[in-house]
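> Build me a model from this:
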Amino acid sequence: MENITSPLIYGFCVSDTQSITQLDWEHVESTMRPLDSQWRWLHLDREAVGLKDWLEVLEGATEVVVNAMLQIDTRPRVIAHNNGFLLNLRGVNLSPGSMPEDMVSLRLWVTENQVVSTCARRVLAAEDLRDAFLSNSAPGTVGGVVSFITDRLVGRIDPVVVKLQEELDEMEEKLLYENEKPNASQLISFRRTVLGLRRYIAPQRDALIELIKHEDSVLIDNDRHQLGDSLDWLIRLAEDLDLIRERAMLQHEQLVAERTDAINDRLFVLALISAVFLPLSIVTGLFGVNIGGMPGANSPYGFFILCAAMGLLALVIVVIFRRMKWI
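Numbering: from 1, shown residues only. Now for the predicted structure:
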């Protein structure tokens, strides 16, 4: 996160007339909750000093909520608690030099008149919402904030999945039509990226399903419809990732099978060569002993006869292999 002097990254308060006021940390500290006719969104730095003390006195935030908002690593989930709900979401990391599968975490504590979100790294969806508040085009309800952030998080996952599909299509095309095999490390890295994304997208899908089914006064019908659209989008992305994973696995299996076949072919050739020269080695071993009585030892043609006999033996072995269709 950027260096800031307080836990508040940005915050906004909306009145019953839809008038928007940007908040500072001093105001947030002095008013633990907005007026009954107002609601607000506070986006906080999870690693800031003093945030835990502030959360502990936040209305409705029990120890369970505080720990969940500050937890270092968490998976997407939704927990109904007291008069609100806790929602953990994940988005792709699009910061320069970062890997998309290293997904950033955004935690939200949502009540009827307040949304408190925390993060440790830059979340572009939160920046989109900030820009919407600054341009007076922000959602008009607390539930609208939740659906807005969810939509932006899911929307940025889509291009990453499309890019993975294109990369896999390119690798498959090279393998099938250009006979250019992908690098094994490249394929492993690709599969690691897919699995890293799916690790959070699948539970995020389940969390949205549970959130939409949850009955409370925070989400209105329009919010649920927008969340339903985001859920459909996320389900499609999860299915696409499953398909990409299966295709990458098949490509990896094909690559392994081709390499195994190539190794087996080489071993087969070596086995045939060994089978041809093994009888010849036995013959040369017998005639190489230094004892008396060896046939042809005193004949000037003994060496040539032995070579001819060994050549004939090798030819017979090759013919036998051909008839057995080994070669």
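
> Count the residues that sit near Ile273.
Burial of Ile273, expressed as a neighbour count using other Cβ atoms under 10 Å, amounts to 10. To be clear about C-beta, it is placed using only N, CA and C from the backbone, and glycine gets the same treatment.

> What of Met99?
13.

> give the contact list for the closest residue to it other than its chain neighbours.
Counting by Cβ to Cβ, 6 or more residues apart in numbering, Met99 lies nearest to Asn93, which is 6.6 Å off, once chain neighbours are set aside. Applying Cβ atoms under 8 Å, 6 or more residues apart in numbering, we find Asn93 in contact with 99-104, 121.

> So Leu195 versus His27, what's the distance?
44 Å (Cβ to Cβ, to the nearest Å).

> wait, is Glu173 part of a strand?
No. Glu173 is assigned helix when assessed by DSSP: H, G, I helix; E, B strand; the rest coil, not a strand.

> ok, it - how many residues close by?
Applying other Cβ under 10 Å, we find 11 residues neighbouring Glu173.

> what's the pLDDT at it?
Note on Glu173: pLDDT of 82.

> show me the contacts for it.
Glu173 neighbours (Cβ under 8 Å, 6+ apart): none.

> Over to Gln114?
Contacts for Gln114 (Cβ under 8 Å, 6+ apart) come out as 33-34, 39-42, 59, 142.

> switch the cut-off to 6 Å
Gln114 is in contact with Arg40, counting by Cβ atoms under 6 Å, 6 or more residues apart in numbering.

> pLDDT averaged over stretch 239-257 - what is it?
The predicted model gives stretch 239-257 an average pLDDT of 86.

> Can you point out the buried residues in it?
Under the neighbour-count criterion of 16 or more other Cβ atoms under 10 Å, stretch 239-257 has 240-241, 244-245, 247-248, 251-252, 255 buried.

> Please read off the pLDDT at the residue lying closest to Leu8 once chain neighbours are set aside from the model.
The shortest distance from Leu8 to any non-neighbouring residue, by Cβ to Cβ, 6+ apart, is to Trp25 (4.3 Å). We note a pLDDT of 90 for Trp25 in this prediction.

> now Trp25: how far from Gln114?
Taken as Cβ to Cβ, the span from Trp25 to Gln114 is 16 Å.

> got it, and Arg107?
Computed as Cβ to Cβ, the Arg107 to Gln114 distance reads 14 Å.

> Check Arg152 too.
Going from Arg152 to Gln114 by Cβ to Cβ gives 20 Å.

> which residues in this structure form strands?
Under the criterion DSSP state E, the chain contains strands at 8-14, 20-23, 39-45, 77-81, 84-91, 104-111, 114-119.

> out of these, which comes closest to Ile201?
strand 84-91 (7.7 Å; Cβ to Cβ).

> quick one: strands adjacent to the closest one?
Here strand 84-91 is paired, per DSSP bridges, with strand 77-81 (antiparallel), strand 104-111 (antiparallel).

> ok, and what's touching the last one?
The reference is to strand 104-111. The contact list for strand 104-111, computed with Cβ under 6 Å, 6+ apart, reads 60, 65, 69, 83-91, 93, 116-119, 121, 123, 146, 218.

> Of those residues, grab the buried ones for ChimeraX.
Selection of buried members from those for ChimeraX, criterion 16+ other Cβ under 10 Å:
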select :65,69,84,85,86,87,88,89,90,91,93,116,117,118,119,121,123,146,218
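
> show me where pLDDT drops low in this structure?
1-5, 178-182, 217, 292, 297 (pLDDT under 70).

> And the residue nearest the centre of it?
Centrality entry for the chain: nearest residue to the mean C-alpha point is Gly196, 2.1 Å, by Cα atoms, centre = their mean.

> Distance of that one relative to Arg77?
In terms of Cβ to Cβ, Gly196 sits 18 Å off from Arg77.

> Which elements pack onto the longest helix seen in the chain?
Criterion DSSP state H: the longest helix present in the chain is helix 221-287. The helices and strands touching helix 221-287, judged by 3 or more Cβ pairs under 6 Å, 6 or more residues apart in numbering; DSSP states H and E, are helix 142-176, helix 184-213, helix 302-323.

> Turn the ones you listed into a markdown table, including distance to Ser135.
Formatted as a markdown table, the helices and strands packed on helix 221-287 follow (distance: least, Cβ to Cβ, whole Å):
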| stretch | distance to Ser135 |
| --- | --- |
| helix 142-176 | 13 |
| helix 184-213 | 27 |
| helix 302-323 | 81 |
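
> Nearest to Thr21, out of the strands paired with strand 84-91?
Thr21 lies closest, by Cβ to Cβ, to one member of the strands paired with strand 84-91: strand 104-111, at 18.9 Å.

> List the buried residues in that closest one.
For strand 104-111, burial by neighbour count (16+ other Cβ under 10 Å) applies to 104-111.

> quick one: which of those residues is nearest to Arg46?
Checking the buried residues of strand 104-111 against Arg46 by Cβ to Cβ gives Arg107 as the nearest, at 7.4 Å.
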